[in-house]
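Asker: Here is my input, please return the structure:
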Amino acid sequence: MIESFRNKELETLFLTGKCRKIPKEHWERLLVRLGFLNRMCDETAVFYKSSWHAHKLHGRDSNGQDVDGYWSIRVTGTWRLTYYFTEDRNVVLVDYIDYH
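Answerer: Numbers count the residues shown, from 1 in each chain. Modelled structure (predicted):
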């Protein structure tokens, strides 16, 4: 289950199905992925969706923030959903970022 978001616009999209600050062409893909993450109870389940290019992150992101242990899945082009899967089997700190 998704417990927390880093990106408030993404949280709004998840809760209401729309958000002015996220491109409409990404809404459907994001909602599908967020729904999957919300139901996911095993961190390896995301590998069943091979087109999402799931992988674990290491090191620091472009803002200098430690991302060891976080996961990334592709939304479209360079846009990714990142999140952390807790020992309690919950998804936290979900973010929506452009890698480039």
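
Asker: Distance-wise, check residue 77 relative to residue 29.
Answerer: 11 Å (C-beta to C-beta, to the nearest Å). Any C-beta I mention is one placed from the backbone N, CA and C, and that applies to glycine too.

Asker: Just say helix, strand or coil for the residue most central in space within the chain.
Answerer: By C-alpha atoms, centre = their mean, the chain has its centre lying nearest to residue 81, at 2.8 Å. For residue 81, the reduced secondary structure class is strand; criterion used: DSSP: H, G, I helix; E, B strand; the rest coil.

Asker: what's the closest non-adjacent residue to it?
Answerer: What sits nearest to residue 81 in space, not counting adjacent residues and going by C-beta to C-beta, 6 or more residues apart in numbering, is residue 73, at 5.1 Å.

Asker: what's that neighbour in contact with, if anything?
Answerer: Listed by C-beta atoms under 8 Å, 6 or more residues apart in numbering, the contact set of residue 73 reads 33, 46, 49, 52-54, 80-81.

Asker: returning to that earlier point: show me which of residue 77 and residue 29 is the more surrounded one.
Answerer: Remark: of residue 77 and residue 29, residue 29 carries more neighbours, 15 against 10, as counted by other C-beta atoms under 10 Å.
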